[in-house]
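Student: pasting the sequence and the predicted model now:
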Amino acid sequence: MGATEKIWNATEVAESHSSEIPSSSLTVNHSLSLPDMKPRIVELCKDLFKQWSNLDESDFSLETVSGGITNLLLKVSVNENNGNVVSMTVRLYGPNTEYVINRERELQAIPHLSDAGFGAKLLGVFGNGMVQSFINARTLTPSDLRKPKLVAEIAKQLRKFHEVEIPGSREPQLWIDIFKFFGRASTLKFDNDEKQKKYEMVSYGEINKEITNLKVMTDRFNAPIVYSHNDLLSGNLMMNDDEGKLYFIDFEYGSYNYRGFDIGNHFNEYAGYDCDYSLYPSKDEQYYFFRHYLKPDRPHEVSDEDLKALYAETNTYMLASHLYWALWALIQAKMSPIDFDYLSYFFLRYNEYKKQKDKCFLLAESCLSNSQSG
C-alpha cells in the first residue's frame, strides 16, 4: 500500500452522511489565528444551522478548548435572538490525519456511543471536522489516571463502553491497522537529509518479524472482541467534579478490537506526555483496575484466576500498543505539518517494546500453559 494513500475523503464523508445530521462541504483552515478563523466558523455555523442564518458575527464567540496532535477543539457560543446562549464544540481534524484515521468509521459509531451515554452528541459534520454538543468538564491529566477513585470509575465506564453494540463488521482492527501502518511506514522518503538518515536506522525486516511473532502470541489468548476506544489517554477523559461524572471523548481511533489491547493501551498512557514508563501501573494497581472492570458492582468477588488471566492478556497486548503507535509515528513524521519529533517518538515506543517483550512473553507463556494444564 502506498505511503500517500488516504483512508478516507473528508468532503465525501460529510456530503454522504445521514440526512438526519446537518452537513456542509465547507472547510476551515486549521492554521489560521482565532480572529482570522472566526468569520469562517460563523459562515460554517450558519450553513449547518439555518436558524442562525440571520445572526450577526458579533453574536458568535470563539475560544480554544485544546489543540492536540490530531485535533483542534473550539468552543463556539451563540447568542440567539431569544436571549438564549448555546455552546457547542467545533472539532477541526488535524492536517493529513486522513492517512491514519478512518473518519467514516468514527462518524458511524458516534450516534450509538452517544445513545449509550458516551461522549458528546453529534450535531453536524463538515469538510474537515464535526460539531458536537459542549461538555462542561475538565480534561484529566496523566497523574489523575492513578487516583484510586478515578481508576475505579474509568474501569467501570470502560466495561460499559465495551458492551456497546455498533452496527457493521465486528472484525478486530488491530492487526489490520498495524500491517497497514507497516506497509506505509516502510516505503517513506524524506526530503530532509537528517530525517532520512534517522528513518534509515529503522530495521523493517526486524519490525515485520516482531509484528508476526506478537500476533501469534496474542492470538493464543482468544481475547474477547469488544468495541474499543483504542486511545484512552488522559486527554480523552473529562471529569465534571461538581456532578462526579466522567466522560470518554474523541472516538477517532475507535473500532472493534481485542479487550486486552484497549486496557493495555490505557495503562501505557500512565506514562504521560513525557513517556515516563516507570509510571506504568504496578501489578497491584492493575488488579485494582481489573476488579472494577470485571465486576463493577462487586469488585472484591473477582477470583484470583480471573485476575491472573486478564493481567497476562493485558500485558501481552500492551506490547502491541507500542508497535501500533511506533508505526503511527513514522507515518506522522512524513505527513504531519505539526512541529513534533515523531521519529524520536518512534524509537521511544519501539525501544520500550523491546525492553518489555521478554518479560511479557514469559508471563503469557506461563499463563497459557497453566490454563491448558488446568
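Tutor: Here it is on my side, so go on. This is a predicted model, so every value here is computed, not measured.
Student: can you give me the helices for the chain?
Tutor: Assignment of helices within the chain using DSSP state H yields the ranges 10-16, 34-48, 103-115, 148-161, 174-185, 193-199, 204-219, 259-268, 283-294, 304-335, 342-373.
Student: most packed of the ones you listed?
Tutor: Sort the helices of the chain by mean neighbour count, taking mean count of other CB atoms under 10 Å, and helix 259-268 sits at the top with a mean of 24. Heads up, the C-betas are built off the backbone N, CA and C, glycines and all.
Student: low-confidence stretches in the chain?
Tutor: 1-19, 67-70, 373-374 (pLDDT under 70).
Student: how far is stretch 95-111 from where the chain is centred?
Tutor: Distance, stretch centre to chain centre, for stretch 95-111: 11 Å (CA atoms, centre = their mean, to the nearest Å).
Student: next: stretch 250-264.
Tutor: 8 Å.
Student: and what of stretch 284-294?
Tutor: Average the C-alpha atoms of stretch 284-294, do the same for its chain, and the two points are 22 Å apart (CA atoms, centre = their mean).
Student: if you drop the residues flanking it in sequence, what lies closest to residue 199?
Tutor: What sits nearest to residue 199 in space, not counting adjacent residues and going by CB to CB, 6 or more residues apart in numbering, is residue 190, at 5.8 Å.
Student: typed the wrong thing, it's residue 158
Tutor: residue 293 is the one closest to residue 158 (CB to CB, 6+ apart), at 6.2 Å.
Student: wait, doesn't the one you found sit right on residue 157?
Tutor: No. In this structure, residue 293 is not within contact of residue 157 by CB atoms under 8 Å, at 9.5 Å.
Student: against residue 22, how distant is the residue nearest to residue 158?
Tutor: 37 Å (CB to CB, to the nearest Å).
Student: ok, now which ones touch residue 270?
Tutor: 142, 145-146, 279-281 (CB atoms under 8 Å, 6 or more residues apart in numbering).
Student: at 10 Å instead, please
Tutor: Residue 270 is in contact with 142-143, 145-146, 233-234, 276-281, 285, counting by CB atoms under 10 Å, 6 or more residues apart in numbering.
Student: gap between it and residue 232?
Tutor: For residue 270, the distance to residue 232 (CB to CB) stands at 11 Å.
Student: then residue 360?
Tutor: 20 Å.
Student: what's the local residue count around residue 223?
Tutor: Using other CB atoms under 10 Å, the number of residues around residue 223 comes to 23.
Student: go on, residue 93?
Tutor: Applying other CB under 10 Å, I find that residue 93 has 23 neighbouring residues.
Student: now do the one 4 residues further on
Tutor: Around residue 97 there are 22 other residues, counting by other CB under 10 Å.
Student: so it touches residue 103, yeah?
Tutor: Yes. Contact criterion CB atoms under 10 Å: residue 97 and residue 103 qualify, at 8.3 Å.
Student: one step back: does the residue nearest to residue 158 touch residue 224 like I think?
Tutor: No. Look at residue 293 against residue 224 with CB under 10 Å: they stay out of range, at 11.7 Å.
Student: overlap of the contact sets of those two?
Tutor: Counting by CB under 10 Å, 6+ apart, the residues touching both residue 293 and residue 224 are 162, 259.
Student: so what's residue 366 closest to, chain neighbours aside?
Tutor: Of all residues beyond its chain neighbours, the one nearest residue 366 is residue 312 (7.5 Å), with distances taken as CB to CB, 6+ apart.
Student: bridging residues for residue 73?
Tutor: Beta-bridge pairing for residue 73 (DSSP bridges): residue 66, residue 91.
Student: give the contact list for it.
Tutor: Applying CB under 10 Å, 6+ apart, the residues near residue 73 are 63-67, 89-92, 129, 132, 139, 249-250.
Student: one more time with 8 Å, if that's ok
Tutor: Per CB under 8 Å, 6+ apart, neighbours of residue 73: 64-67, 89-92.
Student: please tell me how far it sits from residue 37.
Tutor: In terms of CB to CB, residue 73 sits 13 Å off from residue 37.
Student: hang on, the earlier thing: which residues do residue 97 and residue 103 both contact?
Tutor: Shared contacts of residue 97 and residue 103, counting by CB under 8 Å, 6+ apart, come down to residue 252.
Student: for residue 27, phi and psi?
Tutor: phi -130, psi 160 (degrees, to the nearest 10).
Student: what's the closest non-adjacent residue to it?
Tutor: According to CB to CB, 6+ apart, the nearest residue to residue 27 is residue 127 (3.6 Å).
Student: what's the closest non-adjacent residue to residue 361?
Tutor: In space, and not counting its chain neighbours, residue 361 is closest to residue 217: 6.4 Å by CB to CB, 6+ apart.
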